[in-house]
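Asker: starting from these lines, generate the structure:
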Amino acid sequence: MDDVNTITADDGTTWIEIASTGTKDEATLLKGFLESEGIPAEIEDVKFDMEPVNFGAMGEIRVYVPGEHEEKAQQLLRSRESEYQQLDDDEETLITDEGPAVVDESAQVENDDGSNP
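Answerer: Just a heads-up that it's a prediction; the model follows:
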């Protein structure tokens, strides 16, 4: 476990860093993805927000999972990244949690209340 951050919780659970991102939004997406797969996840924000720059350890937002879920979580993240790299990158494809979806330009847009604008 070279250069892997771990945290031991009060209940004895060891949390292992499995990802590090530059934004809270990306970390939140990863956490949600893992939780949707049944893996508990937590975020540690060690980002230093003083301008003009964020770099190195002062710019990280880390995602942790309990040690017993590390292997499965790493496998899921690798699979997710592999699938992302294989996607067609065009303006007509929308990526959803279920995979690519085609945007229907002729579809009627509805307001939140169900009415048309």
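
Asker: which SSE is the nearest residue to residue 99 once chain neighbours are set aside in?
Answerer: Leaving out its chain neighbours, the residue that sits closest to residue 99 by CB to CB, 6 or more residues apart in numbering is residue 83, at 7.7 Å. (Each C-beta comes from the backbone N, C-alpha and C, glycine too.) Per DSSP states H and E: residue 83 is located in helix 70-85.

Asker: in that helix, what's buried?
Answerer: Using 16 or more other CB atoms under 10 Å as the test for burial, helix 70-85 gives 70, 73, 76-77.

Asker: can I get that helix in PDB, CA atoms only?
Answerer: What follows is helix 70-85, C-alpha atoms only, in PDB (Å, rounded to 0.1, in the frame of the first residue of the first chain):
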ATOM      1  CA  GLU A  70     -11.400  -1.700  -1.400                       C
ATOM      2  CA  GLU A  71     -10.900  -4.400  -4.000                       C
ATOM      3  CA  LYS A  72     -14.400  -4.300  -5.300                       C
ATOM      4  CA  ALA A  73     -14.400  -0.500  -5.300                       C
ATOM      5  CA  GLN A  74     -11.100  -0.400  -7.300                       C
ATOM      6  CA  GLN A  75     -12.500  -2.900  -9.800                       C
ATOM      7  CA  LEU A  76     -15.700  -0.800 -10.300                       C
ATOM      8  CA  LEU A  77     -13.700   2.400 -10.800                       C
ATOM      9  CA  ARG A  78     -11.400   0.800 -13.300                       C
ATOM     10  CA  SER A  79     -14.400  -0.600 -15.200                       C
ATOM     11  CA  ARG A  80     -16.200   2.800 -15.100                       C
ATOM     12  CA  GLU A  81     -13.000   4.500 -16.400                       C
ATOM     13  CA  SER A  82     -12.600   1.900 -19.200                       C
ATOM     14  CA  GLU A  83     -16.200   2.300 -20.300                       C
ATOM     15  CA  TYR A  84     -15.900   6.100 -20.300                       C
ATOM     16  CA  GLN A  85     -12.800   5.900 -22.500                       C
END
